[in-house]
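1. Structure, please.
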Amino acid sequence: MLKLIHYEYRKLFFRRSILITIIIFSIIDIFKINNVYQQNSLLADKSTETSTKWENIYWELYNEFSGVITEDKIDKLLKIYRPLENEIADITASTRIDNPNTYTGNVYSDYYLLKWLYVQPMEYAYMYKSRANNIVNNARNNMKFFKKLGNEYEYKKNVITANLFAKRVISNFAYLEMYQSYLHYDFSILLILFLCLYGIVNVFVNEKESQMNILLSTSIYGGKRTTTAKIIATSTFIVGITLWFLILDFICFSIAFNSFVTINLPIYTIQNFLASSINITIGQYIVISGIFKMIGMLVIGMMFLFISEFFNNALVPFIINLSIILVIIFLCEKYRGSGYIINKVINPFILLINRELFGKIEFVNIFGVPMLSYIVAIVFAGCLLIISIILIYKVSKKNVVNIKKGGIS
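-> Residues are numbered from 1 along each chain as shown. Take a look at the predicted model:
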């Protein structure tokens with residue numbers, strides 16, 4: 001069986017066109033990540049004297065203020081920041097760019113550097129405990145209220161919310177620009193989708209075009225064994241491609257932003273994950289997010305495989321599967337941020353942009369039990385995956401029967 005899987009994998013995916021496409025898409029991805037850095041990072045070299053100074057000054061100050069947040073560090077930062085804030089309050093401060101009493105040569109430049117890269121991020125971290133406690137207190141008040149009303153569902157929702165936010169605190173200050181961009185980067189997902197579509201669409205079609213399916217239907221290696229080998233080979237290809245781009249993305253973002261640490265901080269250290277539905281570190285989230293993406297791609301990939309079984313050439317299933325990609329992306333965008341949570345979580349594409357599941361607390365009512373949206377999404381995706389594989393076997397078996405009866409499916 002292993003030899004058959006290896007044979008199917010090499011035959012289907014070790015093609016020159018596939019390898020060239022992977023290389024081209026990887027290069028495109030690298031350039032795109034660099035473009036994201038140039039556009040999003042306040043420290044990016046935009047070929048200006050100010051941007052260069054910002055980067056140098058930021059890292060000079062970083063050793064003083066990074067790490068555990070203390071009152072001394074806050075006081076020290078505010079002693080630098082408050083005079084600048086007062087000086088530019090009436091917008092009459094000097095605009096000279098060679099001021100020797102400033103870090104960057106300009107008082108406004110100093111002010112915004114400190115405000116955007118130190119004061120605001122540190123304020124968010126310092127105040128997060130208070131925000132979390134307020135959420136816990138509100139949830140506990142709601143628990144009492146809904147318990148009196150006898151509303152068990154809303155009571156359970158608030159129990160989960162209170163437990164999630166209890167004892168949340170951000171103790172450290174760190175450079176997080178890289179993760180703010182990396183965790184919201186979706187371009188490589190499209191590359192993975194198109195690569196998988198291009199590779200998978202030929203899995204069953206190749207043998208039909210060469211009429212090898214007729215020969216295989218009479219062989220001991222045909223039928224169910226061949227279908228199993230194709231499914232395993234396809235799954236390996238999908239996981240491999242997804243893993244490659246996940247690793248490539250992380251390495252390229254780390255190099256571009258010059259950031260290789262801080263993965264042990266809580267995920268809610270990143271401001272867009274303030275109301276995160278899961279208490280894990282950034283590093284743990286990256287791993288879990290990657291697993292969700294792989295499962296999402298497996299579901300979509302098996303759908304591609306299932307549809308391709310019905311056709312004798314690659315063009316028609318390619319067009320149909322491409323249309324499916326566009327439809328699920330459209331539907332995902334339509335229900336993102338809406339109150340139609342169930343419509344969002346049943347879409348396998350949501351697993352590919354799973355920050356929508358982990359970035360905030362959302363519940364789905366499952367027979368009166370509040371379930372966090374990411375749990376419902378992964379369970380539903382697992383069911384879809386199993387159903388797709390079962391359907392692939394059924395259609396494959398039907399095709400073999402039709403061939404034996406004298407009709408080529």
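
2. only C-alpha atoms for contact and neighbour calcs from this point on.
-> Fine.

3. where do the strands sit along the stretch 101-250 of the chain?
-> Applying DSSP state E, counting those that start in this stretch to the stretch 101-250 of the chain gives strands spanning 172-173.

4. what pLDDT does the residue most central in space within the chain get?
-> Nearest to the mean C-alpha position of the chain, by CA atoms, centre = their mean, lies I353 at 4.5 Å. I353 carries a pLDDT score of 94 in this model.

5. A377 versus that one, what's the distance?
-> I353 sits 12 Å away from A377, taking CA to CA, to the nearest Å as the criterion.

6. The stretch 151-300 of the chain: helices as residue ranges?
-> Using DSSP state H, counting those that start in this stretch, the helices found in the stretch 151-300 of the chain span residues 152-165, 177-182, 187-200, 205-209, 212-216, 224-257, 282-308.

7. which residues of this structure score low on pLDDT?
-> Within the chain, the ranges that satisfy pLDDT under 70 run 1, 45-52, 92, 206-223, 399-409.

8. Kindly report the domain assignment for it.
-> Listed domain ranges for the chain are 2-42+175-404, 67-173 (source: automatic domain parsing).

9. Would you check that E87 makes contact with S94?
-> No - in this structure, E87 is not within contact of S94 by CA atoms under 8 Å, at 9.1 Å.

10. Just want to know which of those two has more residues nearby.
-> E87 (16 against 12; other CA atoms under 10 Å).

11. ok, now which ones touch that one?
-> A93 (CA atoms under 8 Å, 6 or more residues apart in numbering).

12. The domains of the chain: which one's closest to W54?
-> Of all the domains of the chain, it is domain 67-173 that lies closest to W54, at 6.8 Å by CA to CA.

13. can you count the residues close to L149?
-> Other residues close to L149 by other CA under 10 Å number 11.

14. same question, L351
-> 27.

15. Confirm for me that it is in contact with I288.
-> No - L351 lies out of contact with I288 (CA under 8 Å); the separation is 10.6 Å.

16. Distance to E60 added to the domains of the chain, as TSV?
-> Output for the domains of the chain, formatted as TSV (distance: least, CA to CA, whole Å):
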stretch	distance to E60
domain 2-42+175-404	13
domain 67-173	10
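
17. Nearest to E55 among those would be which one?
-> Set against E55 and scored by CA to CA, those come closest in domain 2-42+175-404, at 8.1 Å.

18. quick one: M302 and K129, what's the gap?
-> According to CA to CA, M302 stands 44 Å off from K129.

19. So those two - more neighbours on which side?
-> M302 (24 against 18).

20. show me the contacts for that one.
-> Per CA under 8 Å, 6+ apart, neighbours of M302: 231, 385, 388-389.

21. and which of those is nearest N151?
-> L385 (35.2 Å).

22. quick one: whichever strand or helix holds that closest one to helix 282-308, angle?
-> Using DSSP states H and E, L385 sits in helix 373-404. Interaxial angle, helix 373-404 versus helix 282-308 (axes from the mean of the first three to the mean of the last three CA atoms, to 10 degrees): 30 degrees.

23. buried ones in helix 373-404?
-> Buried positions in helix 373-404, judged by neighbour count with 16 or more other CA atoms under 10 Å: 373-374, 376-378, 380-382, 384-385, 388-389, 391-393, 395-397, 399-401, 403.

24. so how far is G105 from I91?
-> For I91, the distance to G105 - CA to CA - is 17 Å.

25. ok, now E60?
-> Applying CA to CA to E60 and G105 gives a distance of 15 Å.

26. same check, this time on I307
-> 63 Å.

27. returning to what we had before: how far does the helix holding L385 sit from its chain's centre?
-> 25 Å (CA atoms, centre = their mean, to the nearest Å).

28. What helices and strands are in contact with that helix?
-> Counting by 3 or more CA pairs under 8 Å, 6 or more residues apart in numbering; DSSP states H and E, the packing neighbours recorded for helix 373-404 are helix 224-257, helix 282-308, helix 341-345, helix 355-358, strand 363-366.

29. The contacts of M302: which two are farthest apart?
-> I231 and L385, at 11.5 Å, using CA to CA across the contacts of M302.

30. My guess is P370 contacts N158. True?
-> No - the pair P370 / N158 is not scored as a contact, 9.7 Å apart, by CA under 8 Å.

31. The two: which has the busier surroundings?
-> Per other CA under 10 Å, whichever of P370 and N158 has more neighbours is N158, with 22 against 19.

32. Just want to know which of I91 and G105 has more residues nearby.
-> Neighbour count, other CA under 10 Å: between I91 and G105, G105 has more, with 17 against 10.

33. shouldn't the more buried one be in contact with D98?
-> Yes - using CA under 8 Å, G105 is in contact with D98, at 4.4 Å.

34. which residues touch A256?
-> 33-34, 37.

35. mind running it again at 7 Å?
-> Contacts for A256 were tallied using CA atoms under 7 Å, 6 or more residues apart in numbering; they are 34, 37.

36. how far away is it from S289?
-> Distance from A256 to S289, by CA to CA: 21 Å.

37. Also E87?
-> According to CA to CA, E87 and S289 sit 45 Å apart.

38. What of E362?
-> E362 sits 17 Å away from S289, taking CA to CA as the criterion.
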